[in-house]
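Q: Can you look at this prediction? I've put the sequence above it.
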Amino acid sequence: MNGVTRTAKPGVSHDAFQWQSSAFILQFSVVLLVVACCVAGCGRGERAAVVVYTSQDQVYAEPILNEFSAQTGIKVGAIYDSEAVKTVGLVNRLLAERRNPQCDIFWNNEELRTHQLAEQGVFQETNSWQALGFRSRRIVVNTNRLPIASAPRSLSELTNAMWRGKVALAYPLFGTTATHFLALRQEWGEARWKAWCEALQANQPLMVDGNSVVVKLVGRGEAWIGLTDSDDIAAGQREGLPLAAMPITEETLLIRNTVAVIRNAPHASAARRVLDYLQRPDVIRKLVAANALEGISPADIGVRTLKPDWDVLVHELGTSTKTLKEVFLR
């Protein structure tokens, strides 16, 4: 199965992990050159420019940013993330560029790393970032393989022997999968959480590079069950895949998009206009209509869900990530 690794034996090597990171850096270098040309052209007084780093999927973000340019005359140079390492690559770049910002706006599709960057002083001092809309983390099943009545309702059930080798998920070191796992650690406590992680790993899940790949595996029936994001499930359903999302529960993480202006942004005025634009109700409704977002406000969900203490999650990020690496990178 292309792009799939069974992590139990032998798992993902650190060499392979480092190769993915190197490829990601090369990709960034090429895109940065293109953005630099765009900004340099605008420096000749033609039109204003703004540089956006975003982990929102390009298929959803690009039309929104193009509309912004059409309405304002402000050119946008956008750098998108890699599916393999998701938001982490953009976060590391923003941290490396703190003393010499190359970016004006960070549009993030998950919240934890935004709190991390805010704590590190990456964003402007006042009105630094705003949240907009939400998605959710869901269990998804292939309805040809598994009747809904027989599908697991809780994350704890994913460790049952009957699901050995039938569960797919993205590596829990990046993106929303990592955030969900860390929120569960806070909710369950260290002992229960670590035992669950180890039992899940022992159940030989299919570990893949990103949530969209999870949906493809489940849709093709190579996995029966997946742990992924609501927007990826919606994309699979649009393709006609036999998928159903299990209901939101107290183990569900609601994932807000965030948008932030970078401290000492090279194009601060244009950046503020992007921030204001992305918060417009009509823009958010377009993202919901495209299934990039599941809803406008988490308050609209009438079910108890995970409510992380983000400051604590950021403070414990190093320790909890170390545990995840020990369990899932073998």
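A: That came in fine, so what should we check first?
Q: any idea how the chain splits into domains?
A: Domain assignment of the chain by automatic domain parsing yields the ranges 14-134+256-302, 135-253+321-328.
Q: a markdown table for these, including mean neighbour count, mean pLDDT and distance to Pro308?
A: Quick note: C-beta positions are derived from backbone N, CA and C, even for glycine. Below are those laid out as a markdown table (neighbours: other Cβ atoms under 10 Å; pLDDT from 0 to 100; distance: least, Cβ to Cβ, whole Å):
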| stretch | mean neighbour count | mean pLDDT | distance to Pro308 |
| --- | --- | --- | --- |
| domain 14-134+256-302 | 18 | 83 | 8 |
| domain 135-253+321-328 | 19 | 96 | 4 |
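Q: I'd like those domains as a markdown table, with distance to Asp311 appended.
A: A markdown table is the format used below for the domains of the chain (distance: least, Cβ to Cβ, whole Å):
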| stretch | distance to Asp311 |
| --- | --- |
| domain 14-134+256-302 | 7 |
| domain 135-253+321-328 | 11 |
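Q: Which of the ones you listed sits closest to Val312?
A: Smallest distance to Val312 across those (Cβ to Cβ): 6.5 Å, for domain 135-253+321-328.
Q: My read is that Trp193 contacts Leu182, right?
A: No: with contacts counted by Cβ atoms under 8 Å, Trp193 stays clear of Leu182, the gap being 9.1 Å.
Q: so where do the strands sit in the chain?
A: Along the chain, counting by DSSP state E, strands occupy 4-6, 49-54, 75-80, 105-108, 129-142, 167-170, 206-208, 225-229, 243-245, 254-261.
Q: Using JSON lines, please lay out those strands together with distance to Pro298.
A: Shown next, in JSON lines, are these (distance: least, Cβ to Cβ, whole Å):
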{"stretch": "strand 4-6", "distance to Pro298": "33"}
{"stretch": "strand 49-54", "distance to Pro298": "21"}
{"stretch": "strand 75-80", "distance to Pro298": "25"}
{"stretch": "strand 105-108", "distance to Pro298": "16"}
{"stretch": "strand 129-142", "distance to Pro298": "5"}
{"stretch": "strand 167-170", "distance to Pro298": "22"}
{"stretch": "strand 206-208", "distance to Pro298": "27"}
{"stretch": "strand 225-229", "distance to Pro298": "15"}
{"stretch": "strand 243-245", "distance to Pro298": "17"}
{"stretch": "strand 254-261", "distance to Pro298": "5"}
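Q: Pro281: which of the ones you listed is closest?
A: Judging the strands of the chain by Cβ to Cβ, what sits closest to Pro281 is strand 129-142, at 9.7 Å.
Q: Going by residue numbers, what spans are helices in the stretch 151-300 of the chain?
A: For the stretch 151-300 of the chain, applying DSSP state H, counting those that start in this stretch gives helices covering 175-188, 190-202, 211-220, 230-238, 268-278, 281-289.
Q: what's the fourth one in contact with?
A: When contacts are defined by Cβ atoms under 8 Å, 6 or more residues apart in numbering, helix 230-238 is touched by residues 57, 60, 135-138, 140, 211-212, 214-216, 218-219, 243, 245, 291-294.
Q: Next one: Asn144 from Leu241, what distance?
A: Asn144 is 10 Å from Leu241, where distance means Cβ to Cβ, to the nearest Å.
Q: Likewise for Lys322?
A: 36 Å.
Q: Cool, thanks, signing off.
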